[in-house]
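Q: Just a sequence and a predicted model for now, questions to come.
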Amino acid sequence: MQSRPGIFITAVFPAHYARQALFTRAVNSGRYRYRRCPVHHAARHDGHGRGHGNREEYGDHSYSTDIPLIYSIDKLITETRRLAAEYRRSTGQVLPVSGEIARHDAARLLGLTLCEPGTAGVDAIGTGTRDGQRIQIKARLMTQDHKPGARLGQLNMNGEWNTLMLVILDEDYESCEIYEASREELADAIAEATGSNRAKRGALSIARFKNLGWLVWTRETGIEPGR
């Protein structure tokens, strides 16, 4: 039986390489306003200002040349949404692609600058009113049959991020809401919930996160007024 290329690629290649491929194609497509993430850039360069790895630099752009460019990032994400939704409906299982979709959507919808893969705890750098803010991005798939008390995944409290964005995806892996909360508020909430093992691991409930943060984007109205 011939397998579908999209599902084969998702299953075989580790998430790191998938993210590197998406990031590389996004930079070269010119559809993102990309600049080097200062957190990752400083760690990758030696004292002579030379980068490590197979990379090329043109003007303000620096990107890996290891992966050939075939599709635009938007087309890749659109196909990923479709395949992930179809796979879940067919098998009842969830493909681990919601994080990549969330990073793509948050950057596109809110004008963020994506960091290179491997930047610990920081997924994007803010621009405009968020200029210089270091942002960690999480995703949560909320389907019609989701269980009450859904929780956010474990937070990386070791990274040098300022705010955390939560992208809510529907059962078609389309973004419907984006919330944002400050690191300080989240750290305090985790510290206060000393009686919960999940809270100790940084797994706050979605409802608690929404109460701590603020709504920044909805599918119906777009970007919400600043806090």
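A: Nice, thanks for sending it over.

Q: Could you identify the helix or strand that succeeds the longest helix belonging to the chain?
A: Identified as the longest helix of the chain according to DSSP state H is helix 73-91. As assigned by DSSP states H and E, the chain's next helix or strand after helix 73-91 is helix 98-110.

Q: I'd like to know which elements that following helix is packed against.
A: helix 15-29, helix 73-91, strand 113-114, strand 124-125, strand 134-141, strand 163-169, strand 175-182, strand 214-218 (3 or more C-beta pairs under 8 Å, 6 or more residues apart in numbering; DSSP states H and E). Quick note: C-beta positions are derived from backbone N, CA and C, even for glycine.

Q: how does it look with 6 Å?
A: Using 3 or more C-beta pairs under 6 Å, 6 or more residues apart in numbering; DSSP states H and E, the elements in contact with helix 98-110 are strand 134-141, strand 163-169.

Q: would you turn those into CSV with distance to Asn156?
A: Output for these, formatted as CSV (distance: least, C-beta to C-beta, whole Å):
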stretch, distance to Asn156
strand 134-141, 7
strand 163-169, 9
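
Q: To Gly92, which of the ones you listed lies closest?
A: Comparison of those against Gly92 by C-beta to C-beta identifies strand 134-141 as nearest, at 13.0 Å.

Q: and the angle for that closest one with strand 175-182?
A: Taking axes from the mean of the first three to the mean of the last three C-alpha atoms, to 10 degrees, strand 134-141 and strand 175-182 form an angle of 140 degrees between their directions.
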